[in-house]
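Asks: Below is the sequence, then the predicted model.
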Amino acid sequence: MAAQRSSPHSPRAGCSLCTIITNLRSTATSSGSSESTPVDIQHAYRTPWATSLSPGPASPTPTTPHEQPSPTSPTAHAPLTSPSTSTSTSSRKVAGERRAIYTDSDLTVWPALSGRAGEALASGERHLVLAFNVHVESVYQLGRADVPLLTRALRIANDLLDKDPSGQTQTDPGLGTKAEERKIGFVVGPLRDPRHPYAHVHLHAVKGPWDLASYYRKAMVYNFVGWYELEDLIAEIR
């Protein structure tokens, strides 16, 4: 019997972020509890045309005129969106020290660790990590077919940043809810965040003030030298 070919985007042995995602999703799946949802994740973000990451040519799927894939698209793989068959959950689950505040078949979101771990750039769960469940090692592997997923990730990040840990929407502009006070994007070369060095593609969503960030991380890694704004990526590959 021929060996079954695995997806090139399956979890990678030795990838710390793949392990974190697997643990968070496993914990969320094994727990049947449900809390108040910070966003309407059950319906608002699912995509009826989501395609499979299985190897080989992707089956044709309907698209809108603004989402029509181009034959010259730079993407080197099938769209990152996974089949929308699993049930989403936003219950606050625990996996190690991290807590998933949002999971679906494509994305897993958790607050960056603060305290001794020192990952967070801002206190009070104002620094979120959004990781793609599939293993992709470079933002430059993303193409036009991935724009719907990237757009959905941007909406989810903004919605979650608009919620405080109690699940209430923040309306006081003094709490740092202005659009210009937040950054949503990727850390790219040549610099890497020494506190968050994972090669697995993931997004950072941060709402100011950046009260836990060192000068190096704030001025260099998460600035023009090593930062790729998600909105800029979407505009470039659309």
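Replies: Structure received. Numbers count the residues shown, from 1 in each chain.
Asks: which ones are touching A131?
Replies: Residues near A131 by Cβ atoms under 8 Å, 6 or more residues apart in numbering: L17, I20, I21, L107, T108, V109, H200, V201, H202, L203. Placement of C-beta: from N, CA and C, glycine included.
Asks: quick one: which of those residues is nearest R99?
Replies: Closest approach to R99 among the contacts of A131 (Cβ to Cβ): V109, at 10.0 Å.
Asks: Spatially, which residue comes closest to that closest one, not counting chain neighbours?
Replies: Of all residues not flanking V109 in the chain, Y102 sits nearest, at 4.0 Å (Cβ to Cβ, 6 or more residues apart in numbering).
Asks: quick one, phi/psi of that neighbour?
Replies: phi -160, psi 130 (degrees, to the nearest 10).
Asks: Okay, it and K218: tell me how far apart.
Replies: 25 Å (Cβ to Cβ, to the nearest Å).
Asks: P190 now?
Replies: Distance from P190 to K218, by Cβ to Cβ: 17 Å.
Asks: pLDDT weak spots in this protein?
Replies: 1-14, 28-96, 116-117, 164-180, 194, 196 (pLDDT under 70).
Asks: now the helices for it?
Replies: Along the chain, counting by DSSP state H, helices occupy 16-30, 147-161, 215-216, 230-237.
Asks: sorry, back to before: check the burial of the residue nearest to V109 by counting its neighbours.
Replies: 25 (other Cβ atoms under 10 Å).
Asks: repeat for V147
Replies: V147, neighbours per other Cβ under 10 Å, totals 21.
Asks: The closest residue to it other than its chain neighbours: neighbouring residues, count only.
Replies: Once flanking residues are discounted, V147 sits nearest to R238: 5.4 Å by Cβ to Cβ, 6+ apart. The number of residues packed near R238 is 12, by other Cβ under 10 Å.
Asks: and what of A120?
Replies: There are 24 residues near A120, going by other Cβ under 10 Å.
Asks: isn't it right next to L128, touching?
Replies: No: between A120 and L128 there is no contact, the gap being 9.5 Å when judged by Cβ atoms under 8 Å.
Asks: Residues that sit against both of the two, list them.
Replies: P111, A112.
Asks: For A213, which non-adjacent residue is closest in space?
Replies: Nearest one to A213, counting by Cβ to Cβ, 6+ apart, is L121 at 4.2 Å.
Asks: swap in Y198?
Replies: Once flanking residues are discounted, Y198 sits nearest to L17: 4.1 Å by Cβ to Cβ, 6+ apart.
Asks: my guess is the one you found contacts P197, does it?
Replies: No: contact criterion Cβ under 8 Å: L17 and P197 do not qualify, at 9.8 Å.
Asks: Which of those two has more residues huddled nearby?
Replies: Applying other Cβ under 10 Å to L17 and P197 shows that L17 carries more neighbours, namely 21 against 10.
Asks: Tally up the residues packed near T27, please.
Replies: 18.
Asks: in this structure, which spans are strands?
Replies: 93-95, 98-100, 102-103, 107-111, 127-132, 182-187, 202-207, 227-229 (DSSP state E).
Asks: could those be laid out in JSON lines, adding distance to I156?
Replies: What follows is the strands of the chain, written out as JSON lines (distance: least, Cβ to Cβ, whole Å):
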{"stretch": "strand 93-95", "distance to I156": "17"}
{"stretch": "strand 98-100", "distance to I156": "13"}
{"stretch": "strand 102-103", "distance to I156": "6"}
{"stretch": "strand 107-111", "distance to I156": "7"}
{"stretch": "strand 127-132", "distance to I156": "7"}
{"stretch": "strand 182-187", "distance to I156": "10"}
{"stretch": "strand 202-207", "distance to I156": "9"}
{"stretch": "strand 227-229", "distance to I156": "16"}
